[in-house]
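**Q** What follows is a predicted protein model with its sequence.
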Number of protein chains: 2
Amino acid sequence: MTKVLVIDDEAPILNALRINLAARNYEVSTAADGTAGLAAMARERPDVLILDLGLPDMDGTEVIRGVRGWTSTPIIVLSAWGQESQKVAALDAGADDYVTKPFGMDELLARLRAAVRRAAPGPAEPVVSTEHFSVDLSAKRVTCGGADVRLTPTEWQLLEVLVRHPDRLVSQRQLLAEVWGPGYQNEANYLRVYVANLRRKLEPDPSRPRYLLTETGMGYRFRP
Amino acid sequence: MTKVLVIDDEAPILNALRINLAARNYEVSTAADGTAGLAAMARERPDVLILDLGLPDMDGTEVIRGVRGWTSTPIIVLSAWGQESQKVAALDAGADDYVTKPFGMDELLARLRAAVRRAAPGPAEPVVSTEHFSVDLSAKRVTCGGADVRLTPTEWQLLEVLVRHPDRLVSQRQLLAEVWGPGYQNEANYLRVYVANLRRKLEPDPSRPRYLLTETGMGYRFRP
DNA sequence: CGGCGGTGTTAAGGAAGCGTCAAGACCGGC
DNA sequence: GCCGGTCTTGACGCTTCCTTAACACCGCCG
């Protein structure tokens, strides 16, 4: 769940944000001034910071600089209408984005999504490991006992489909359709050849498969 | 020098941007509609794209999607006041930021700086070394056995893409799109020629590659 | 016991992909 | 306009991969 920290001294805005963000399934924490905000930033380690520039105890750009000293967490700035120079200063200090008050909640949420998306390297953990081998989906890399394993394109595609559905039984028809195309749904012999190839390259004992299991008459299953 | 591409169909805005950006030492190119814009994007390889949503020939979000298909170059969107839903759609399509017309030039420039700064690799290690050669990404210099190696512009771009994704498989389509442009995704023979050039200049034994590995049917991989 | 459907294994031919070389096209500077 | 460097383009031989077929195996049931 995405964690958001809101630093603002106006109670109505704080409440509105807390309610709306919580409703969208964000985890929200708040702080009412710059000092408390910097402390909360270090303590909570949020994924995004929403920062009001008009704080009672310190200038907004100082907060930004304080945060930027040790993390690149995205910062979205709230500023009152007309404070052009402040906004510019905030962006130059390292803010990622800003929204002018009064603002529409939809716009803020869209900017929030954009900021989180930019910061996130990848949506899902792309590496699946077993005791004997590991598969890095994004790098398209397979290592077995420390050494790289070379897979042909077809072998890789087949393994990818199985690994993306761990513990699930994947039917022969689905495998054939996803790897060879929808026109190959009766060529079950392809599967036998390529599953055998994968087992020879990955299984500790290819004749007694431990990870790439056969479900007779149905399909195959990957058990991590 | 930072390169900026402006896609806008209104001549006054185009001129204002050209003058102001050039005065700030940006290198500016322009396009008047989406089609020409996408072509210019591939040709010019700007560091930032400024995109007006109100184009005559296609929807702004389509342009964004066309660009995001092959590069993560920052995109700043210009939109008329009040088009809230358009702005949200643009951000969700992959835009990085937007500015509402009429806009202050200072604000646009600040957002431009922020976008470029965000896109910069930041604290990433700018020099990658192997046992036999080392690549300085920021200085664009390659040394092999103590001596400088001369690379042609195309050779350098190709090497840069591979080195920026160490250990990762980079598909032929991605390499072609990033080095030659999105229109060259079927010219796999270019890759063969230039990978061979790089190997001849960098590999200790070009016929038995140790760092620039080919994965038949899939792409290439740089192993440090 | 002997067929039968589904599966695992292996090998060979052809297709596709790759490395290499070289010649021509292009483009900049002089 | 010439010249050197760079980029395209095509052809050739070689390697890798995909497809296909043949055969052994296993469990099931008549």
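**A** That came in fine, so what should we check first? Residues are numbered from 1 along each chain as shown, chains lettered A, B, ... in the order given.

**Q** what's the pLDDT at A:Ala124?
**A** Here the pLDDT value assigned to A:Ala124 is 54.

**Q** Now do the strands in chain A.
**A** A:3-7, A:27-31, A:48-52, A:75-80, A:97-101, A:127-129, A:133-136, A:141-144, A:147-149, A:169-171, A:212-215, A:219-222 (DSSP state E).

**Q** So which bits of the worst-scoring helix or strand of chain A on mean pLDDT are buried?
**A** Least confident helix or strand, chain A: helix A:84-93 with a mean of 77, by mean pLDDT, DSSP states H and E. Going by neighbour count (16 or more other Cβ atoms under 10 Å in any protein chain shown), the buried part of helix A:84-93 is A:86-91, A:93. Yep, even glycine has a C-beta here, placed from its N, CA and C like the rest.

**Q** if we look at it, which residues are touching it?
**A** Outside helix A:84-93, the residues that touch it by Cβ atoms under 8 Å, 6 or more residues apart in numbering or on different chains are A:53, A:60-61, A:64-65, A:68, A:77, A:79, A:98, A:100, B:104, B:106-107, B:110-111, B:113-114.

**Q** go again using 10 Å as the cut-off
**A** For helix A:84-93, contacts defined as Cβ atoms under 10 Å, 6 or more residues apart in numbering or on different chains pick out A:51, A:53-54, A:59-68, A:75, A:77-80, A:83, A:95-100, B:97, B:104, B:106-115, B:117.

**Q** Buried ones among these?
**A** Listed as buried from those are A:51, A:53, A:59-61, A:63-64, A:66-67, A:75, A:77-79, A:83, A:95-100, B:97, B:107-115; burial here means 16+ other Cβ under 10 Å.

**Q** circling back: so which of the strands of chain A is the most surrounded?
**A** Stretch with highest mean neighbour count among these: strand A:48-52 (a mean of 25; mean count of other Cβ atoms under 10 Å in any protein chain shown).

**Q** ok, and does it reach over to chain B?
**A** No - Strand A:48-52 is not in contact with chain B by Cβ under 10 Å from any Cβ of the partner chain; minimum separation 14.1 Å.

**Q** centre of the chain versus that strand, how much separation?
**A** Between the centre of strand A:48-52 and the centre of its host chain there is 20 Å, according to Cα atoms, centre = their mean, to the nearest Å.

**Q** Tell me the strands beside that strand, with direction?
**A** Here strand A:48-52 is paired, per DSSP bridges, with strand A:3-7 (parallel), strand A:75-80 (parallel).

**Q** got the CA coordinates for it in PDB?
**A** Only the C-alpha atoms of strand A:48-52 are listed here, as PDB (Å, rounded to 0.1, in the frame of the first residue of the first chain):
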ATOM      1  CA  VAL A  48       5.200  10.500  -1.500                       C
ATOM      2  CA  LEU A  49       5.200  13.800   0.300                       C
ATOM      3  CA  ILE A  50       2.500  16.400  -0.100                       C
ATOM      4  CA  LEU A  51       3.800  19.700   1.300                       C
ATOM      5  CA  ASP A  52       2.000  23.000   1.800                       C
END
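
**Q** quick one, it and strand A:27-31 angle?
**A** Angle, strand A:48-52 to strand A:27-31, by axes from the mean of the first three to the mean of the last three Cα atoms, to 10 degrees: 40 degrees.
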